[in-house]
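**Q** sequence and predicted structure are below.
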Amino acid sequence: MASPIRVAVTGAAGNIGYALAFRLASGEVFGPDQPVHLNLIEIPPAISALDGVEMELDDCAFSTLAGVTKVDSDHLEEGFGDCNFVLCVGSVPRGKGMERGDLIRINGPIFTNTGKAIQAAAAKDVRIVVVGNPCNTNCLIAMNNAPDIPRDRWYAMMMLDQNRAKTQLAQKSGQPVSSVSKMTIWGNHSATQFPDYFHAEIGGTPAPEVIKDDAWLQNDFIPIVQKRGAAVINARGASSAASAANAALDTVKSIISVTPENETFSAAVCSDGSYGVDEGLIFGFPLQSDGATSKIVQGQEHNEFAQQKIDATLKELREERDTVKDLLN
Ligand code: NAX
């Protein structure tokens with residue numbers, strides 16, 4: 001058997017972490033012949049909950065699980081030691097009355113330490129996916145605190161938005177979700193994100209030509225996707241967890257697979273200046289992977305409506321960057 005892939009998950013005893021760990025261990029992501037070693041990281045008060053997660057992992061008797069290491073967040077270098085993938089899920093959730101800017105300032109310092117520890121201890125080929133919110137800016141902070149790690153290794157999760165958007169288009173058109181392709185979420189994982197239905201396809205035909213209802217696409221589809229997280233909280237009394245974990249795994253699968261020629265996937269990555277987005281911002285783009293490295297798909301044209309949406313989410317991300325400039329080195 002191959003030597004184990006080591007995957008670190010921060011916030012591993014939380015809702016998303018709990019949904020992630022078992023599927024990572026099961027062989028679903030890296031294949032039935034690839035052992036996985038999990039480094040599960042939590043804040044000290046949650047370590048006993050992690051003991052329970054480890055017991056349940058043992059009780060699954062996964063043949064692909066090579067081992068589990070539990071680490072508290074005061075020892076991040078141990079937690080990220082030799083890791084090939086780091087899934088940053090742990091962060092403080094937004095509380096009642098808290099502004100987005102407050103949350104950014106609370107979670108920012110977590111990600112300076114995360115970046116430093118990943119650079120100091122992770123494997124040379126490490127890839128990082130940031131899920132904890134505000135994920136684009138948390139990723140920006142971590143990346144800037146790990147200058148020796150190539151910038152194309154950093155991802156913030158837009159896949160949950162992509163999956164939500166795909167299903168909305170499938171349901172509206174009466175087509176299976178598998179027929180929806182090229183669904184890009186531009187910008188920030190926030191209510192300013194732009195789910196780009198113009199470039200999405202249903203059965204290989206542009207989505208607007210299949211759906212033939214521009215008013216719905218503009219006035220319903222976009223806000224449904226933008227506000228889906230809040231709708232789940234209202235219905236369930238808790239934020240998206242299983243679907244968020246699923247999206248994190250879809251992101252890893254997209255990174256490690258060759259993207260089919262007629263497909264793209266969404267994640268926020270470090271801008272190289274493409275599409276007028278400031279170099280260095282972590283921005284949602286259409287991507288294609290060669291199985292190791294992802295590239296921003298070039299050449300998509302935007303009409304005035306789409307460009308305004310992209311400009312609005314870009315403006316928000318610039319403001320977030322300004323809020324944390326002292327954490328960017
Ligand atoms: P939970 O509160 O259930 O779990 C978070 C866990 O992180 C807790 O167990 C906590 O002890 C741990 N934690 C806190 N600070 C930590 C640190 N410094 N080091 C390690 N662990 C730490 O939240 P959950 O529902 O699992 O959500 C986790 C994060 O995902 C939140 O920030 C949430 O906003 C974000 N989400 C991001 C999404 C995305 O699409 N990018 C969608 C889903 C989700 O809202």
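**A** Alright, I've got the coordinates.
**Q** check whether the helix or strand encompassing residue 51 contacts the ligand.
**A** When elements are assigned from DSSP states H and E, residue 51 belongs to helix 47-60. No - taking C-beta under 6 Å from any ligand atom as the criterion, helix 47-60 and the ligand are apart, separated by no less than 7.1 Å. (C-beta placed from N, C-alpha, C; glycine too.)
**Q** which elements pack onto that helix?
**A** helix 15-25, strand 36-42, strand 65-72 (3 or more C-beta pairs under 8 Å, 6 or more residues apart in numbering; DSSP states H and E).
**Q** 6 Å - rerun?
**A** strand 65-72 (3 or more C-beta pairs under 6 Å, 6 or more residues apart in numbering; DSSP states H and E).
**Q** identify the residues contacting residue 193.
**A** By C-beta atoms under 6 Å, 6 or more residues apart in numbering, the contact set of residue 193 is 161, 185, 187, 226, 313.
**Q** same thing but 7 Å
**A** Residues in contact with residue 193 (C-beta atoms under 7 Å, 6 or more residues apart in numbering) are 161, 185-187, 226, 284, 313.
**Q** confidence-wise, which of these comes last?
**A** Among the contacts of residue 193, residue 226 has the lowest pLDDT, at 95.
**Q** touching, that residue and residue 191? I think so.
**A** Yes - with contact defined as C-beta atoms under 7 Å, residue 226 reaches residue 191; the gap is 4.7 Å.
**Q** which one of the two is surrounded by more residues?
**A** residue 226 (20 against 14; other C-beta atoms under 10 Å).
**Q** ranges for the strands of the stretch 201-329 of the chain?
**A** Under the criterion DSSP state E, counting those that start in this stretch, the stretch 201-329 of the chain contains strands at 201-202, 205-206, 265-270, 282-289, 294-296.
**Q** how close does whichever residue of the chain sits closest to the ligand sit to residue 82?
**A** The minimum distance from the chain to the ligand, using C-beta to the nearest ligand atom, falls at residue 14 (2.0 Å). According to C-beta to C-beta, to the nearest Å, residue 14 and residue 82 sit 24 Å apart.
**Q** neighbour count winner among those two?
**A** The neighbour comparison of residue 14 against residue 82 (other C-beta under 10 Å) goes to residue 14, with 21 against 14.
**Q** list the contacts for residue 64?
**A** 25-27, 32, 34-36.
**Q** can you rerun that using 6 Å?
**A** 27, 35-36.
**Q** around the ligand, pick out the residues from the stretch 201-329 of the chain.
**A** Residues of the stretch 201-329 of the chain lying near the ligand (C-beta under 6 Å from any ligand atom): 229, 239-241, 244.
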